[in-house]
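Chemist: here is my input, please return the structure:
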Amino acid sequence: MDPLTAIGLASNTISFIDFSWELITGAQALETIIADLEEVLQHLTFDVKGTSQNEIAVLQLAEEFWRVSRPLSRIPRELKANINKKSSGKVLKSNGLVCAK
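Modeler: A predicted model of the protein is given here:
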């Protein structure tokens, strides 16, 4: 292998490792944020017992957020669990999301 090809290969390998590391740390940060939001949402759901139209609307919004967030909250965990088993694109596609290329 000539020196320029070796340097290019090493550079691409380092770039891939850096990208993978950023993806993993981003998924971990996202998982923490999702857990925090779930905790806040649980408090909102249990604390809002009012009868005014605004309070009812906030409760309905919180319940809708909870319903929509459940499938999304599984994605970082599946990405983390399947990082060595299959590509992240397959995980996103299996959850109904399209991975842009």
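Chemist: so where is this protein shaky, pLDDT-wise?
Modeler: Scanning the chain for pLDDT under 70 picks out 44-51, 80-101.
Chemist: center of the chain - which residue?
Modeler: Nearest to the geometric centre of the chain sits Pro76, at 4.2 Å (CA atoms, centre = their mean).
Chemist: from Ser69, how far out is that residue?
Modeler: Distance, Pro76 to Ser69, using CB to CB, to the nearest Å: 12 Å. Glycine gets a C-beta too; all of them are placed from N, C-alpha and C.
Chemist: which other helices and strands does whichever strand or helix holds Ala35 contact?
Modeler: If you go by DSSP states H and E, Ala35 is part of helix 3-47. If you count contacts as 3 or more CB pairs under 8 Å, 6 or more residues apart in numbering; DSSP states H and E, helix 3-47 packs onto helix 53-81.
Chemist: which positions within the helix it packs on qualify as buried?
Modeler: For helix 53-81, the neighbour count (16 or more other CB atoms under 10 Å) marks Leu59, Ala62, Trp66, Ser73, Ile75, Pro76, Glu78, Leu79 as buried.
Chemist: ok, so of those, who is nearest Ala29?
Modeler: Distance to Ala29, by CB to CB, is smallest for Pro76 among the buried residues of helix 53-81, at 8.9 Å.
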